[in-house]
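Participant: Here is my input, please return the structure:
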Amino acid sequence: MATAPLTPRFFVDETLLSVAAALALLRNDVIHTGHPAIPKVPIGTKDEDWIPVVAAAGLITIQRDRRILTRPGEKHLVVKHGLRIIRLAPKRDLNRWEYMRLLARDWDRIEDLIKELGDGPWVIKLLESKRPTHYRPERR
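Facilitator: Here you go, the predicted model:
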């Protein structure tokens, strides 16, 4: 049986590489840092360098970086390039399985929000105890 061709929709940040590997096995639309489908983003690429590349490719980022929108340079890039972010944001660090469960639990709602929100920049925030929330970073 032939596998479906790779049609990336989601890019998983390096902070979640083990989760990225599992997602990539389960879905043909997930790539990650170091994936051959995005050679401009090898392991170790700084946020300032991958944000424009991932946004230009039209990918939705899955990450857990709490500070991406508090660092002025990174926030500027997120807004400028219209990056779309799914941020895993529990109040405590989770293990790999718990991150996967959090994503799987909310995946249908995430898909609905992606359609609803359209173009970026935006952030869908996943918490352990609530349904996903979302917001658009302020342009300054």
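
Participant: The closest residue to residue 47 other than its chain neighbours: what's it in contact with?
Facilitator: In space, residue 47 comes closest to residue 74 once its chain neighbours are excluded; the distance is 5.3 Å by Cβ to Cβ, 6 or more residues apart in numbering. From N, CA and C alone the C-beta is placed, and that goes for glycine too. Taking Cβ atoms under 8 Å, 6 or more residues apart in numbering, we find residue 74 in contact with 47-48, 51, 67-68.

Participant: Return the distance of residue 74 relative to residue 135.
Facilitator: 16 Å (Cβ to Cβ, to the nearest Å).

Participant: Please, where are all the helices along the chain?
Facilitator: According to DSSP state H, the chain carries its helices in the segments 17-26, 47-56, 72-81, 96-117.

Participant: Need the ones you listed in CSV (columns: distance to residue 9).
Facilitator: CSV is the format used below for the helices of the chain (distance: least, Cβ to Cβ, whole Å):
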stretch, distance to residue 9
helix 17-26, 11
helix 47-56, 11
helix 72-81, 17
helix 96-117, 9
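
Participant: just so I know, which of the ones you listed lies nearest residue 88?
Facilitator: Residue 88 lies closest to helix 96-117 among the helices of the chain, at 5.7 Å (Cβ to Cβ).

Participant: Just the mean pLDDT for that closest one, thanks.
Facilitator: The pLDDT scores in helix 96-117 average 94.

Participant: Output that helix as PDB, restricted to C-alpha atoms.
Facilitator: The C-alpha coordinates for helix 96-117 follow below in PDB (Å, rounded to 0.1, in the frame of the first residue of the first chain):
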ATOM      1  CA  ARG A  96       5.500  13.400  26.400                       C
ATOM      2  CA  TRP A  97       2.400  11.200  26.800                       C
ATOM      3  CA  GLU A  98       0.500  14.000  28.600                       C
ATOM      4  CA  TYR A  99       1.400  16.500  25.800                       C
ATOM      5  CA  MET A 100       0.100  14.000  23.200                       C
ATOM      6  CA  ARG A 101      -3.100  13.500  25.200                       C
ATOM      7  CA  LEU A 102      -3.600  17.300  25.500                       C
ATOM      8  CA  LEU A 103      -3.300  17.600  21.700                       C
ATOM      9  CA  ALA A 104      -5.500  14.600  20.900                       C
ATOM     10  CA  ARG A 105      -8.200  15.700  23.400                       C
ATOM     11  CA  ASP A 106      -8.600  19.100  21.700                       C
ATOM     12  CA  TRP A 107      -7.700  18.200  18.100                       C
ATOM     13  CA  ASP A 108     -11.300  18.600  16.700                       C
ATOM     14  CA  ARG A 109     -11.700  22.000  18.400                       C
ATOM     15  CA  ILE A 110      -8.300  23.100  17.100                       C
ATOM     16  CA  GLU A 111      -9.400  22.300  13.600                       C
ATOM     17  CA  ASP A 112     -12.600  24.300  14.100                       C
ATOM     18  CA  LEU A 113     -10.600  27.300  15.400                       C
ATOM     19  CA  ILE A 114      -8.100  27.100  12.500                       C
ATOM     20  CA  LYS A 115     -11.000  27.600  10.100                       C
ATOM     21  CA  GLU A 116     -12.600  30.300  12.200                       C
ATOM     22  CA  LEU A 117      -9.400  32.300  12.800                       C
END
